[in-house]
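Novice: generate coordinates for the sequence data below:
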Amino acid sequence: MNSLPGEGLTRRELLLRGGAAAGGLAALGAFPPAVAAEAGARGTFGGTLRVLGIGTGEFDQIKRQAEKDLGFKVAFDITGGDALVHKAITEPASFDVLADYYFAYDLIWSHGGLQRIDTRRITRWQQVADLFKYGKLRPGDPRCTYGQGDAPFRRMYVDDAGRYPVPAGLLPGVKGMVQWIDERSAKPYRGLPEPRYVVAVPGYFNMDSIGYNARIIERPPERVSWAELLNARWKGRVALFGGAQIGFLDAGNAAEAAGLMRFRDKGDMSRGEIDRLVKILVTLKKKGHFHGFWNELEPGKAIEFMLSKEVVVESMWTFHLVALQAKGFPVRYAAPPEGFRGWSGGFAISSAIKDPARLQAAHDYINWWHAGSAGAVMMRLGYYNAVQATSRRFADPAEWDYWIEGKPAAKDLPGAFGDVTIRKGQARDGGSFARRACRYASWNSIFREHAYQERRWHDFLTA
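Specialist: Below is the predicted model of the structure:
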């Protein structure tokens with residue numbers, strides 16, 4: 001199981017900064033004065049809140065601002081991928097808040113290390129994007145897609161009363177996780193009210209696709225399909241993410257877009273589907289189609305591939321794109337007609353917490369993430385927050401127009417660590433938030449056949 005970069009945060013920060021001096025947003029005055037009410041029960045907790053996270057939002061400026069606003073210490077324990085899941089399952093007393101991706105929560109939840117969260121304690125629950133609750137940013141709009149796989153609305157709610165249906169594709173042993181929305185009608189099952197409890201409160205999310213050299217592939221992002229990853233024209237000039245979890249989804253999106261095969265559910269492939277896809281990939285690999293592979297332990301390799309000009313198109317994440325654009329490289333990010341591959345992260349609470357003050361602090365920290373300043377940092381990374389509107393007052397109007405509205409930048413804009421990453425006149429590939437969030441082909445997922453998935457992916461890499 002692989003995920004977005006979590007290990008080597010300093011290395012990732014340096015990539016995003018592009019070598020800029022330290023200081024970050026706090027030094028730039030990016031945070032307006034905090035509102036005391038945002039701290040909840042400020043002053044009642046005198047300890048240190050321990051956050052176990054993958055590294056997507058655990059940055060120094062996030063920590064400093066949270067401590068300033070909330071009035072207690074925050075400690076980040078950044079652990080990558082499988083190690084984080086293992087620790088969350090086996091050592092629930094080692095953390096208070098877990099910041100992980102929704103595709104891993106059914107596995108973690110099934111082992112009892114988390115407590116359900118009452119949404120009535122989440123200050124801005126009503127403002128959380130409908131994408132997390134209804135499965136679409138615009139519920140009922142047929143032009144928007146749910147996307148296959150572990151979308152957050154299929155992995156968020158918990159209820160023990162047996163009133164709600166069980167989501168498809170759950171890993172064995174998961175009890176209590178339910179789905180509220182009927183995807184056929186786009187309405188609540190049997191008109192039932194929204195479940196009161198969640199396994200994790202929505203935090204941040206985004207849409208991933210493929211990066212390409214715009215001087216070689218001279219097409220706008222909306223006309224660049226996932227199929228380009230398998231296009232024989234780019235033989236020897238294609239790079240893929242090297243981990244099975246994301247690798248299978250990117251390759252699956254590409255194979256389906258190219259008309260090579262169809263999947264029942266790309267987020268939960270059967271053994272037969274896995275075998276057919278691996279056969280396609282191995283055949284291409286033996287013909288020299290793939291230039292190379294990169295993974296979360298060496299995220300900079302994707303940037304190096306593109307800078308070398310030996311790779312024309314590759315699996316890519318937003319921070320790679322931003323880093324390349326900051327260097328002036330002619331890279332663009334596809335907005336595939338088939339849709340993006342989505343990912344989303346949420347905040348869970350350890351079942352080991354017994355102290356009421358510590359439990360309140362955990363809720364305060366989660367609520368603080370919806371208050372706006374953290375959302376502004378994530379925005380500058382190219383990510384979105386589950387409650388986005390509150391970040392507007394923490395951002396320059398030109399930043400909001402670029403990142404959220406999809407307008408050309410009115411001036412040079414800083415990244416999350418202070419260096420200029422967006423140049424005046426540049427527009428975000430894929431358009432506005434509303435447009436991008438309406439187009440999902442799949443979501444990062446754990447297959448029920450994940451052990452077989454890992455084994456067959458290894459077969460492909462070593463073929």
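Novice: and the strands in the stretch 101-250 of the chain?
Specialist: 114-115, 117-118, 148-149, 157-158, 177-178, 181-182, 187-188, 197-198, 201-213, 238-241 (DSSP state E, counting those that start in this stretch).
Novice: show me what the third one is packed against.
Specialist: In terms of contacts (3 or more CB pairs under 8 Å, 6 or more residues apart in numbering; DSSP states H and E), strand 148-149 is packed against strand 440-443. (Glycine included, C-beta is placed from N, CA and C.)
Novice: please apply the same query to the fifth one.
Specialist: Strand 177-178 makes packing contacts with strand 157-158 when contacts are defined by 3+ CB pairs under 8 Å, 6+ apart.
Novice: for the strand it packs on, which strands pair with it and how are they oriented?
Specialist: strand 177-178 (antiparallel), strand 197-198 (antiparallel) (DSSP bridges).
Novice: chain center to it, what's the gap?
Specialist: How far strand 157-158 lies from its chain's middle: 20 Å, per CA atoms, centre = their mean, to the nearest Å.
Novice: what's it in contact with?
Specialist: Under the criterion CB atoms under 8 Å, 6 or more residues apart in numbering, residues 109, 116, 164, 176-180, 194-195, 197-199 lie in contact with strand 157-158.
Novice: at 10 Å what do you get?
Specialist: Contact with strand 157-158 is made by 105, 109, 114-117, 119, 132-133, 164, 167, 174-181, 194-200, as judged by CB atoms under 10 Å, 6 or more residues apart in numbering.
Novice: quick one: mean pLDDT over it.
Specialist: Taken as a whole, strand 157-158 has a mean pLDDT of 98.
Novice: so which of the strands of the stretch 101-250 of the chain comes closest to residue 407?
Specialist: When the strands of the stretch 101-250 of the chain are compared by CB to CB, strand 201-213 sits nearest residue 407, at 18.2 Å.
Novice: which among the contacts of strand 157-158 end up buried?
Specialist: Neighbour counting over the contacts of strand 157-158 (16 or more other CB atoms under 10 Å) leaves 105, 109, 114-117, 119, 132-133, 164, 167, 174, 176-181, 195, 197-200 as the buried ones.
Novice: got a pLDDT number for the closest residue to residue 349 other than its chain neighbours?
Specialist: Closest residue to residue 349 apart from its sequence neighbours, by CB to CB, 6 or more residues apart in numbering: residue 362 at 4.9 Å. The score at residue 362 is 98. That number is its pLDDT.
Novice: now residue 362: phi and psi?
Specialist: phi -60, psi -40 (degrees, to the nearest 10).
Novice: distance check, it against residue 344.
Specialist: Noted for residue 362: a distance of 20 Å to residue 344, by CB to CB, to the nearest Å.
Novice: my guess is residue 133 contacts residue 180. True?
Specialist: Yes. At 7.1 Å, residue 133 and residue 180 qualify as touching, with contact defined as CB atoms under 10 Å.
Novice: pull up the overlap in contacts between those two.
Specialist: With CB under 10 Å, 6+ apart as the test, residue 133 and residue 180 both reach 153, 156-157, 188, 194-195.
Novice: tell me the two of the residues you listed that are most distant?
Specialist: Longest span within these, CB to CB: 156 and 188, 14.1 Å.
Novice: more crowded one of these two?
Specialist: residue 156 (28 against 16; other CB atoms under 10 Å).
Novice: residue contacts, that one?
Specialist: 102, 105, 117, 119, 128, 132-133, 167, 177-180, 195, 197-202, 344, 346.
Novice: do that again at 7 Å, thanks
Specialist: Residues near residue 156 by CB atoms under 7 Å, 6 or more residues apart in numbering: 102, 132, 198-200.
Novice: against residue 348, how distant is it?
Specialist: Using CB to CB, residue 156 is found at 10 Å from residue 348.
Novice: just residue 90 next, same as before
Specialist: Noted for residue 90: a distance of 15 Å to residue 348, by CB to CB.
Novice: show me where the stretch 201-350 of the chain has helices.
Specialist: Shown for the stretch 201-350 of the chain, the helices assigned by DSSP state H, counting those that start in this stretch span residues 244-257, 271-286, 300-308, 318-326.
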